[in-house]
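Novice: can you look at this prediction? I've put the sequence above it.
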Amino acid sequence: MDNDSASQDSNGPSPQDANNPAAEYAQSDYNQPIVDSLSLVYELPFGYGKKFMSGSGRLVNQVVGGWQLSAINQFASGTPFNIVYTPPSGSQVSPGLSATNRGANQYRPNRVSGQPLVKRSQSGSTIQWVNIAAVAIPNTTTTVSPFGNLGRNPGLGPSYYNTDLALNKTFGARGEGLKVQFRTEAYNLFNHTNFVAPTNSSLSGPVGGTPTSGGTLSSTFPSRILQFGLKVIY
């Protein structure tokens, strides 16, 4: 929990209302309730000196022996995201500032009770993560303040799942101590789509009403990557 990590650096706070810093106290940008990482390295039991096929000929051993399997499996809960909106220019407190790490206000909407904040609905290739029915744009035509009552970093983004796998084989080569290693590696082996949290999700819509857009997931972490390589060990 903190009141400052919404900024790009801790020397440039970017609160909604500088006269009410207590309203900024919320979960940190880097808060993740669950982070799990499991790694393994396993020598396959085939070939010379192994449990299986230890007495096989040289050709068979070159094919099935010397293989090593390694993997890293990662799971993490989503990271927090902020929800903001841009009031009409006449209602902005510091219209001369544009960078949040230089003091520009981050205006938040009002919370609508009885509605879940996260929606997770998909329409084609777009995922609506923020339930826009759960928030309302402050009515700056009837009140002086453009500040909403929604807290900072109110929700968590999508969870992250990833498995990397590597299969390596070491070949003996001529020359003392010289070996050649073949490597095949798969990053995001199962090609799982991991979406990036809607950081600083900006909403737009009529003053005093329900937002009409914003809060969608628009970017992902890399898809499956395969690569092969040779390494000479001497």
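Specialist: It's in.
Novice: what about the strands in the protein?
Specialist: Ranges of strands in the chain, per DSSP state E, are 35-43, 67-76, 80-81, 83-85, 110-111, 118-123, 126-130, 135-136, 155-156, 160-172, 179-187, 201-203, 216-217, 225-233.
Novice: quick one: which of the ones you listed is nearest Phe147?
Specialist: Across the strands of the chain, Phe147 has its closest neighbour in strand 110-111 (9.3 Å, C-beta to C-beta). Backbone N, C-alpha and C define where each C-beta goes, glycine included.
Novice: how far away from the center of its chain is that closest one?
Specialist: A distance of 25 Å separates the C-alpha centroid of strand 110-111 from that of its chain, computed with C-alpha atoms, centre = their mean, to the nearest Å.
Novice: swap in stretch 76-95?
Specialist: Computed by C-alpha atoms, centre = their mean, the chain-centroid distance of stretch 76-95 equals 20 Å.
Novice: ends of it, what's the gap?
Specialist: Criterion C-alpha to C-alpha, to the nearest Å; first-to-last residue distance in stretch 76-95 is 38 Å.
Novice: thinking again about what came up before, so which of the strands of the chain comes closest to Gly96?
Specialist: Each of the strands of the chain has some distance to Gly96 by C-beta to C-beta; the shortest is strand 83-85, at 18.1 Å.
Novice: partner strands of that closest one, with direction?
Specialist: Under the criterion DSSP bridges, strand 83-85 sits next to strand 201-203 (parallel) in its sheet.
Novice: mind listing what's buried along the strand it pairs with?
Specialist: Neighbour counts using 16 or more other C-beta atoms under 10 Å place 201-203 of strand 201-203 among the buried residues.
Novice: equivalent analysis for stretch 210-221, please.
Specialist: Applying a neighbour-count criterion of 16+ other C-beta under 10 Å, the buried positions in stretch 210-221 are 211, 214-217.
Novice: would CSV of the buried residues of strand 201-203 with distance to Lys179 be doable?
Specialist: Supplementary listing: the buried residues of strand 201-203 in CSV, determined by distance: C-beta to C-beta, whole Å:
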residue, distance to Lys179
Ser201, 52
Ser202, 55
Leu203, 59
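Novice: how about those residues in JSON lines, adding distance to Tyr161 and pLDDT?
Specialist: Formatted as JSON lines, the entries for the buried residues of strand 201-203 read as follows, by distance: C-beta to C-beta, whole Å; pLDDT from 0 to 100:
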{"residue": "Ser201", "distance to Tyr161": "22", "pLDDT": "73"}
{"residue": "Ser202", "distance to Tyr161": "27", "pLDDT": "84"}
{"residue": "Leu203", "distance to Tyr161": "28", "pLDDT": "88"}
